[in-house]
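Engineer: just need the structure, nothing else, for what follows:
(one chain, ligands or ions: 2)
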Amino acid sequence: MNISELLKKKLESNQTVLTEFESKELLKEIGISVPDQKLTSTKEETVSAAKSIGFPVVLKLMAEDIVHKSDTGAVKLNIKNEDETANAFEELMNIPSQAEKLISVQKMANEPITELILGMTTDAQFGPALMFGIGGILVELLEDVSFRIAPITEYDAREMIKEIKGFPILDGYRGKPKADIDAIVKTLLKVSELVIKHEEIYEMDLNPVFIYDKGLICVDARIILKKPEKQD
Ligand code: ADP
Ligand code: MG
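Structural biologist: Ligands and ions are numbered 1, 2, ... in the order given. This is a model prediction of the structure:
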């Protein structure tokens, strides 16, 4: 996939929001790992995709009007066999939505040390700003996040990670394994490079990224493009 072409095609059809599926295909393209994923629309396709990906899998309903998927029951985790896949498909297709419904079948990722959030927002004055935090309550309630204006250096990325208050969680807190900090650094640098190269990207939300003692994997992502300026 050519990233410039994908973004151009989206904008030409007046779409500014990439689906989770498209966002993760783009991340894969820049070397950020994501679970194996397939898009399906029928029960048969869904079951066969689940079998070819290998159990356990996750099924998610993709519809343009569903943004926070888990709030509407649109994420079915830890599906272990064909029967469970068929049932989950039925349940997902029964969720009310006005938009076209597709199913994303994806490999269920292993339990991480913790969930991370990596993001990018465009500041009116400074342009693209990168964000890093530890997922869940730390980000939602305590707003324990760090920011840097892009482009960032490796040194900046290491500082972003170390300066959050939750850093001990990544550093072997209470006998847990140490998180792969180098993998986070590399990922932050890849996001930085991407947004500098593609000015049409307005916002990115990698939420969550599962971090391990070796490597990481992004299980949900959302990329938003800038509205094209009106020509008159
Ligand atoms: P939402 O739109 O609600 O943010 P997500 O796609 O992030 O939906 O899924 C909700 C939660 O389910 C995630 O925060 C993560 O904990 C878990 N999850 C999602 N996808 C996977 C996956 N492929 N493997 C393991 N866990 C997953
Ligand atoms: Mg999410």
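Engineer: which residues touch Gly31?
Structural biologist: By Cβ atoms under 8 Å, 6 or more residues apart in numbering, Gly31 lies in contact with Lys190. All C-beta spots, glycine's among them, are computed from the backbone N, C-alpha and C.
Engineer: next, Glu115: secondary structure please.
Structural biologist: strand (DSSP: H, G, I helix; E, B strand; the rest coil).
Engineer: isn't it right next to Leu206, touching?
Structural biologist: No - taking contacts as Cβ atoms under 8 Å, Glu115 lies outside contact range of Leu206: 10.5 Å.
Engineer: so if I had to pick from these two, which one is more boxed in?
Structural biologist: Leu206 (26 against 18; other Cβ atoms under 10 Å).
Engineer: so Asn78 is in which element?
Structural biologist: strand 75-79 (DSSP states H and E).
Engineer: check Ile217 too.
Structural biologist: Per DSSP H and E: strand 216-218 holds Ile217.
Engineer: what distance separates that strand from the centre of its chain?
Structural biologist: 9 Å (Cα atoms, centre = their mean, to the nearest Å).
Engineer: ok, that strand near ligand 2 or not?
Structural biologist: No - for strand 216-218 and ligand 2, the contact criterion (Cβ under 5 Å from the ion) is not met; the two come no nearer than 9.9 Å.
Engineer: list the contacts of that strand.
Structural biologist: Contacts of strand 216-218 (Cβ under 8 Å, 6+ apart): 24, 27, 32-35, 109, 112, 116, 118, 180, 183-184, 187, 206, 208-210.
Engineer: the closest residue to Leu170 other than its chain neighbours: neighbour count?
Structural biologist: Nearest non-adjacent residue to Leu170, counting by Cβ to Cβ, 6 or more residues apart in numbering: Ala179, 4.0 Å away. Using other Cβ under 10 Å, Ala179 has 25 neighbouring residues.
Engineer: Ile117 too?
Structural biologist: Each residue near Ile117 was counted by other Cβ under 10 Å, and the total is 20.
Engineer: end-to-end on stretch 4-24?
Structural biologist: 15 Å (Cα to Cα, to the nearest Å).
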